[in-house]
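> Predicted model and sequence below, questions to follow.
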Amino acid sequence: MNPLLLSFPEQFETQRLLIRAPQWGDGQFVNEAIRESVNEMRPWLPFVKNLPSIDDSEAYVRKARINFLERTDLVLHIFEKNTGQFVGSSGLHRFDWNVRKFEIGYWLRTSRTGEGLMTEAVKGIVAFAISELEANRLEIRCDTRNNASIAVAKKVGFTLEGTLRNVNLNDSGKLTDTHIFSLAKGYEYHL
């Protein structure tokens, strides 16, 4: 199966959100959100270790757009429908088209945390992955200390399958553990 031949929507909506593929010009919005949230994101996301410039963010967005079209990585930008504000990013990553297995990653700008927006976005992405991509397995992987990401996984209904021990190094050079949560077709697979 050649994933380039797959056709699926580049955007969809939830009650409060518009979720869509990256577009050229999104770099400014992404950069603004990263700059606002760098202190909260830095412990969990390696791409904010060095604060990107607007050009860096735009180059990232353009590459993400190309990857989306090539079906090699599916970054999704999240906007609030009422205001048009960029609130965060998510997507389907490290996937296997033959198995139809996808990993969901996500981050939310600091000023919009605590509103249930990421839980709503991930529920929408799960529904999209099931209906449009015929997903058989979805994963969320996160540091065992990242309580916000763990809470989203649990609220959406993912099951903790296990913990990878001593799998990454944090900024201080200490080994960290990673939880693996999943939804798998045929195993209490519902929203």
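Cool, the structure landed.
> And the helix or strand of the chain with the lowest mean pLDDT, what's buried?
Every helix and strand in the chain was compared by mean pLDDT, DSSP states H and E; the lowest is helix 27-41, with a mean of 90. Across helix 27-41, burial judged by 16 or more other CB atoms under 10 Å covers Gly27, Phe29, Val30, Asn31, Ala33, Ile34, Ser37, Glu40, Met41. For glycine as for every other residue, the C-beta is placed from the backbone atoms N, C-alpha and C.
> from the residues you listed, which two are the most distant?
Spatial extent of the buried residues of helix 27-41 (CB to CB) is set by the pair Gly27 and Glu40 at 20.4 Å.
> Okay, strands next: where are they in this structure?
For the chain, the strands defined by DSSP state E occupy 11-13, 17-20, 74-80, 86-96, 101-108, 137-143, 159-169, 175-184.
> What pLDDT does the model give the closest residue to Gln15 other than its chain neighbours?
Among residues not flanking Gln15 along the chain, Glu120 sits closest, at 6.6 Å (CB to CB, 6 or more residues apart in numbering). With respect to pLDDT, Glu120 scores 98.
> Likewise for Leu6?
92.
> That one contacts Thr72, correct?
No. Using CB atoms under 8 Å, Leu6 is not in contact with Thr72, being 11.9 Å away.
> next one: phi and psi at the nearest residue to Arg65 once chain neighbours are set aside?
The shortest distance from Arg65 to any residue other than its chain neighbours is 4.7 Å, reached at Pro22 (CB to CB, 6+ apart). Here is the backbone geometry of Pro22 (degrees, to the nearest 10): phi -60, psi 150.
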